[in-house]
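Colleague: the sequence isn't on hand, but the structure is:
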Ligand SMILES: Cc1ncc(COP(=O)(O)O)c(C=O)c1O
């Protein structure tokens, strides 16, 4: 193992981040507020809404998880409520439900986008209502950057009058029917964690429909301080604001977001090309032109009956031995020990994706030489077993 590690997805600075961070130091804005926080919010707001007829506001927060928590707080989710959530996702999509003492109800994926299945979502809503409790919200995720079936999910949500919280943590730069992910519901969230398409080292954002909703979110994110000369509180607050230092990194990153989306999509094309001649490996791609994925991570499913016996785990271990990181897809939430008592509506799609799916190195900063190593690593594995 003498070669440098190839990571699944690593931070990729654009070059101007340090300038914004230095400005924060020079002006002594070393705090969870300041010009970079405002500037970063404006940059993201423009990126999401300037070419759209929709309007919205962005609150920069300490993480995507914090943003989801606040979205649920804003929707009035309380102890004892039920919240529907895509099962195939990272735990951060579901954990904030538990923070509030509410109960998650998990729903399977569909095969085209790997996201929330409209059929099972509808069945889940009808069944929960029949059992006596109407769900308070639906958490839908644009997993790995692929937009979920926005029209179908929104139609069901409005039929039953249940708000959708759009988890766009992995999908900055993705679009559905030409509109940016993060703009399809009353509340959406983004993550700027170190592994995301752009990063602030750690951070997130809540996207609201109105400036008033943003103001309320920022109020809650800064300990819910009432207007008074002393410290007075009429509501429970949180310490969830993004630091001005981190926001400086974000400002630099927003200058290169289009390049980052292009590079991730090129990685996806690289895998489509690589696997085009190999039987039994499916590269997950957009079902049609309505869906434009940033391809934050490139995802394949492996059918070992068709690869001559090579399983997902065989390929993962083979790459690991070559110092190349790859990862199984998210383990569905309904299979997690911590959520073992939660209800689930589905028929095995997420389980199957978890069993056979693999995320491959997808960074926007992979060199030609690293791509060659990935290609040779994959080909040598599939040939070795044949
Ligand atoms: C789907 C999804 N939701 C939520 C989050 C939470 O974001 P953060 O890590 O910024 O808290 C992440 C990423 O970490 C994610 O992948």
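Modeller: Good, I have the coordinates. Here the structure is a predicted model, which means the values were calculated and not measured.

Colleague: right, and residue 326 touches residue 315 too?
Modeller: Yes: the criterion here is CB atoms under 8 Å, and residue 326 meets it with residue 315 at 7.2 Å. To be clear about C-beta, it is placed using only N, CA and C from the backbone, and glycine gets the same treatment.

Colleague: overlap in contacts of those two?
Modeller: residue 358 (CB atoms under 8 Å, 6 or more residues apart in numbering).

Colleague: can you name the residue of the stretch 251-386 of the chain nearest the ligand?
Modeller: residue 330 (7.8 Å; CB to the nearest ligand atom).

Colleague: surely that residue forms part of a strand?
Modeller: No: per DSSP: H, G, I helix; E, B strand; the rest coil, residue 330 lies outside any strand segment and is coil.

Colleague: what's near enough to touch it?
Modeller: The contact partners of residue 330, taken as CB under 8 Å, 6+ apart, are 88, 89, 90, 143, 354.

Colleague: which stretches of this structure form helices?
Modeller: Taking DSSP state H as the test, the helices found in the chain are 17-26, 35-49, 64-74, 95-99, 118-130, 150-160, 211-221, 244-254, 257-275, 312-321, 349-356, 368-385.

Colleague: please list the residues of the stretch 51-200 of the chain that sit near the ligand.
Modeller: For the stretch 51-200 of the chain, the residues in contact with the ligand (CB under 6 Å from any ligand atom) are 63-65, 89-90, 92-93, 141, 167, 169-170, 191, 193.

Colleague: mind doing that once more with 8 Å?
Modeller: Counting by CB under 8 Å from any ligand atom, the residues of the stretch 51-200 of the chain close to the ligand are 63-68, 89-90, 92-93, 141, 143, 167, 169-170, 189, 191-193, 195-196.

Colleague: so which of those residues sit within strands?
Modeller: Among those, the ones falling in strands (DSSP state E) are 141, 167, 189, 191.

Colleague: which non-adjacent residue is nearest the second one?
Modeller: Using CB to CB, 6 or more residues apart in numbering and skipping the chain neighbours, the partner closest in space to residue 167 is residue 141 (4.2 Å).

Colleague: that neighbour contacts residue 165, doesn't it?
Modeller: No: applying CB under 8 Å, one finds residue 141 not in contact with residue 165, separated by 9.6 Å.

Colleague: the residue of the chain found nearest the ligand - how many residues pack around it?
Modeller: Proximity of the chain to the ligand (CB to the nearest ligand atom) peaks at residue 64, 2.6 Å away. Using other CB atoms under 10 Å, residue 64 is surrounded by 27 other residues.

Colleague: got the contact list for it?
Modeller: Counted by CB under 8 Å, 6+ apart, residue 64 has contacts 92, 167, 169, 189, 190, 191, 192, 193, 204, 205.

Colleague: the same query, at a cut-off of 10 Å, please.
Modeller: Residue 64 makes contact with 90, 92-93, 96, 167-170, 189-193, 196, 202-206, according to CB atoms under 10 Å, 6 or more residues apart in numbering.

Colleague: list the contacts for residue 158?
Modeller: The neighbours of residue 158, taking CB under 10 Å, 6+ apart as the test, are residue 164.

Colleague: shared neighbours, residue 141 and residue 165?
Modeller: Here residue 141 and residue 165 share the contacting residues 85, 93, 189, scored by CB under 10 Å, 6+ apart.

Colleague: wait, the first one touches residue 105, no?
Modeller: What it means is residue 85. Yes: because the distance of 7.1 Å satisfies CB atoms under 10 Å, residue 85 is recorded as touching residue 105.

Colleague: the two - which one has more neighbours?
Modeller: Just comparing residue 85 and residue 105: by other CB under 10 Å the higher neighbour count belongs to residue 85, 28 against 23.

Colleague: list the contacts for the closest residue in space to that one that isn't next to it in sequence?
Modeller: Using CB to CB, 6+ apart and skipping residues adjacent in sequence, the residue nearest residue 85 is residue 139, 4.2 Å away. Applying CB under 10 Å, 6+ apart to residue 139 gives the contacts 68, 71-72, 83-86, 89, 93-94, 96-97, 104, 106-107, 116, 164-167, 189.

Colleague: would you list the buried entries among these?
Modeller: The neighbour count (16 or more other CB atoms under 10 Å) marks 68, 71-72, 83-86, 89, 93-94, 96-97, 104, 106-107, 116, 164-167, 189 as buried among the contacts of residue 139.

Colleague: touching, residue 168 and residue 58? I think so.
Modeller: No: between residue 168 and residue 58 there is no contact under CB under 10 Å: 11.6 Å.
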